[in-house]
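Peer 1: Pasted the sequence and its predicted model underneath.
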Amino acid sequence: MTIKLIAVDMDGTFLDENGKYDRDRFLRLLERLDREGIRFVVASGNNMSRLGIMFEGLLDRIDFVADNGASLILRGQHQFTRSMSFEQVQDFLEFYGEETLAANRTIVSSTEHSFMLKSSDLGQMPAMMDAKEAQAFWSHIQYLDTFQQLPQDENYYEMVMLVEPENGRAVMEDFNSKFKGAITAMASGFGAVDFVQTGIHKAWGLQEMLKLTGITAEQVMAFGDGGNDIELLDLAGQSYAMENAEDFVKAHAKNIAPDHRQAGVFQVVETYLDSLERDNDD
């Protein structure tokens, strides 16, 4: 089956250990993808504030399944953001209580703002963003004395806990086994645990895109490394877990790509394009 779309997670997958990618190499890759009529899709738990900086100047050439699938942006055109109800947000906050929410550095995000408790202990945060990205990320956050101050009229789409990296999977599994509501936890790597509306994930957002483009799941090549990539890997006709992914993620992929620190996504995609060009020359 010919590949028509490549969907790529960011942290731990497309980005290196410093949260970077080789832009010149990517521009060359994008030119080759354009010639073959293959769409490049960023499938990320990040919002467009950070992604827009990462891919500045390229927003009209690539697509975004952002916010863990809740937001879809095609060639710079916002298609939708799927939000959860304020009651669902409250159920989540009540489940943990504010002391635990502060200790786990919880961020509640809407399409308009992100909110965090003033009492949150930021400590040593992972340095996975450059200064410009970090400034955009933190400037978007409003600090509250209590989550009871959350405005009710905003479009909330996820909550994120920034726990210690080794604790992410345990937090995810504990929540999913105990919470009785329409929210699911996903460990997205580097200690981030995303809490999203049940059924809304990267694969859901990508499926909405497939409906608009006429591309089939069998024509998708996907890459991921975290718990929030599992549905995406299950969906794609050609799926790759990164070598640095945990075994429970690798179990959902048909193939293993080299480590993100070795630009594994580039290696696999360039090899695939080389094979297409050889076939075209024959």
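Peer 2: Ah, there it is. Numbering: from 1, shown residues only.

Peer 1: can you give me the helices for the stretch 51-200 of the chain?
Peer 2: Applying DSSP state H, counting those that start in this stretch to the stretch 51-200 of the chain gives helices spanning 86-96, 98-103, 131-139, 168-178.

Peer 1: Show me the one of the ones you listed that comes nearest L273.
Peer 2: Between L273 and these, the shortest separation by C-beta to C-beta is 28.4 Å, and it involves helix 131-139. Where C-beta positions appear, they are placed from N, C-alpha and C, glycine not excepted.

Peer 1: hmm, back to that, the helices of the stretch 51-200 of the chain into a markdown table, with extra columns for mean pLDDT and mean neighbour count?
Peer 2: Supplementary listing: the helices of the stretch 51-200 of the chain in a markdown table, determined by pLDDT from 0 to 100; neighbours: other C-beta atoms under 10 Å:
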| stretch | mean pLDDT | mean neighbour count |
| --- | --- | --- |
| helix 86-96 | 97 | 17 |
| helix 98-103 | 96 | 16 |
| helix 131-139 | 65 | 14 |
| helix 168-178 | 94 | 15 |
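
Peer 1: Next, the contact list for Q267, please.
Peer 2: With contacts taken as C-beta atoms under 8 Å, 6 or more residues apart in numbering, Q267 has the following neighbours: A257, P258.

Peer 1: that older thread, relative to S114, tell me which of the helices of the stretch 51-200 of the chain wins on proximity.
Peer 2: helix 131-139 (8.4 Å).

Peer 1: Select the longest helix from the protein.
Peer 2: helix 264-281 (DSSP state H).

Peer 1: Tally up the residues packed near E231, please.
Peer 2: Applying the criterion other C-beta atoms under 10 Å, we find 23 residues in the vicinity of E231.

Peer 1: Let me know the helix or strand that the residue nearest to it when sequence neighbours are not counted is in.
Peer 2: Spatially, and ignoring its direct neighbours in sequence, E231 is nearest to A203 (3.7 Å; C-beta to C-beta, 6 or more residues apart in numbering). Counting by DSSP states H and E, the element that carries A203 is helix 202-213.

Peer 1: Show me which positions of that helix end up buried.
Peer 2: Within helix 202-213, the residues that qualify as buried by neighbour count (16 or more other C-beta atoms under 10 Å) are K202, A203, W204, G205, L206, Q207, M209, L210.

Peer 1: The residue nearest to E231 against G69, yeah?
Peer 2: Yes - taking C-beta atoms under 8 Å as the definition, A203 is a contact partner of G69 at 6.9 Å.

Peer 1: And this protein, split by domain according to the record?
Peer 2: Dividing the chain into domains by automatic domain parsing, as the record does, gives the ranges 5-82+200-281, 86-197.
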